[in-house]
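S.K.: I'd like to go over a predicted model; first the sequence, then the structure.
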Amino acid sequence: MIVDAHAHIVVPAATAGEGRTGSWRPQVTQADGRSVIFHDGRELTSVVREFTDTSRMAQQAAAQGVGHLLLSPWVRLLPFEMPVPEARQICRLQNDALAGIVAADPGQFSALGAVALQDPVSAADDLRTVMADGLAGVELTPEIAGRYLGDDAFEPFWAAAEDTGALIFVHPATRGLALPVFGDYYLWNSVANPVETAIGAAHLVMAGVLERHPALKIVLAHAGGALWAVRGRLRRAYAQVPAARARLREAPDVSLARLYHDTVTHDQALLRRLIEDAGPEHVLLGSDRPFDMGSDDPVGEVRALGLPAAAEAAVLGGNAARLLGHAAVP
């Protein structure tokens, strides 16, 4: 089974409509057999594939050779800047809907939910509920309410994530780096997003989170972003600067090797190098559907590398099935 591990969804229960109020909710209309999304007063022109209807999503995936989707919430619906009670309610609404999708068709779908990590203690409890309800884990952004993921405040959550075997998908917040230059030429997506992921991942590594919790299953969106470009600098800092190794006993490469990555690179040479450096057992097929910066042919991109059969099978679905654990792909 070929698994797409990077597929976003707006569940209908989260959309605006009769009896469903809240400015956080996107509006969804139908036009020409597809969903059209409006949010913050404008149409999301970056959405080029189906975003809300799971049957159409499955059909589009099948046309690309994908047989199973690991769904995750649209990142803008992760309510990390909201008051905790409201944020937990928004997470629970999406989690319940995603659990229903998985229960109705576990052969076609797995899903990641959301927790209000701005309150790490309640988030740890909610993660256990998420897992008990049949979801595979949760999606996070690199920065939560002003703190990056390596912050000591998140330790209760990381302990729960390791204990439950939850899959944690780290995805940029889309506007997490607010420099004015990123408003030009779509740089907020092409450049800021991968840099934001690299900052979050490096913070996790250098803060010792992966060293303290070596069984964590953390998948980085967009092939880890710019993380691998700074690997050498992290090594050098660890070797030369006491502050850089204050929280680590082992070299950063040991923690880096524990991370997982999707295949969304748009660069065959880079994808090949990622699989060589991270190891084929640490790379998962991803498309970033339904967005314009997603891959048009994720399966073909992997097969074009000419990997050994076992490595290709691992990237295309074997690794995802292994990481999903209790929600394993049939």
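M.R.: Happy to help now that I have it. Residues are numbered from 1 along each chain as shown.
S.K.: where exactly do the strands run in this structure?
M.R.: 3-9, 27-31, 34-39, 42-43, 68-73, 109-111, 137-140, 143-144, 147-148, 167-170, 217-220, 260-262, 283-284 (DSSP state E).
S.K.: which residues touch the last one?
M.R.: The contact list for strand 283-284, computed with C-beta atoms under 8 Å, 6 or more residues apart in numbering, reads 3, 5-6, 219, 223, 260-263, 274-275, 314-315, 319-320, 323. Every C-beta, even on glycine, is put in place using the N, C-alpha and C of the backbone.
S.K.: and what of the third one?
M.R.: Applying C-beta under 8 Å, 6+ apart, the set of residues contacting strand 34-39 from outside is 10, 26-30, 43-44, 47, 49-53, 56, 76.
S.K.: so how far is it off the chain centroid?
M.R.: With C-alpha atoms, centre = their mean, to the nearest Å as the basis, strand 34-39 stands 21 Å off its chain's centre.
S.K.: partners of it, with directions?
M.R.: strand 27-31 (antiparallel), strand 42-43 (antiparallel) (DSSP bridges).
S.K.: circling back to that earlier point, for residue 207, which of the strands of the chain is the nearest?
M.R.: strand 147-148 (8.3 Å; C-beta to C-beta).
S.K.: could you say what helices and strands the closest one packs with?
M.R.: The contact analysis (3 or more C-beta pairs under 8 Å, 6 or more residues apart in numbering; DSSP states H and E) places strand 147-148 against helix 193-206.
S.K.: helices or strands next to the helix it packs on in the packing?
M.R.: Using 3+ C-beta pairs under 8 Å, 6+ apart, helix 193-206 is in contact with strand 143-144, strand 147-148, strand 167-170, strand 217-220, helix 231-240, helix 252-256.
S.K.: May I have the strands that pair with the fourth one, each with its orientation?
M.R.: Read it as strand 217-220. If you go by DSSP bridges, strand 217-220 pairs up with strand 167-170 (parallel), strand 260-262 (parallel).
S.K.: got the contact list for it?
M.R.: 5, 137, 161, 165-170, 197, 201, 204, 210, 227, 258-262, 284, 323.
S.K.: can you check the fifth one too?
M.R.: Contacts with helix 231-240, where a contact means C-beta under 8 Å, 6+ apart, come from 202, 205-206, 244-245, 248, 251-253, 256.
S.K.: go on, the last one?
M.R.: Applying C-beta under 8 Å, 6+ apart, the contact partners of helix 252-256 are 204-206, 208-211, 227, 231, 234-235, 238, 248.
S.K.: Reformat the contacts of helix 231-240 as CSV; add distance to residue 121, neighbour count and pLDDT.
M.R.: Shown next, in CSV, are the contacts of helix 231-240 (distance: C-beta to C-beta, whole Å; neighbours: other C-beta atoms under 10 Å; pLDDT from 0 to 100):
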residue, distance to residue 121, neighbour count, pLDDT
202, 26, 24, 98
205, 24, 25, 98
206, 24, 22, 98
244, 29, 17, 97
245, 29, 17, 97
248, 26, 18, 97
251, 32, 13, 97
252, 28, 24, 98
253, 32, 12, 97
256, 29, 22, 98
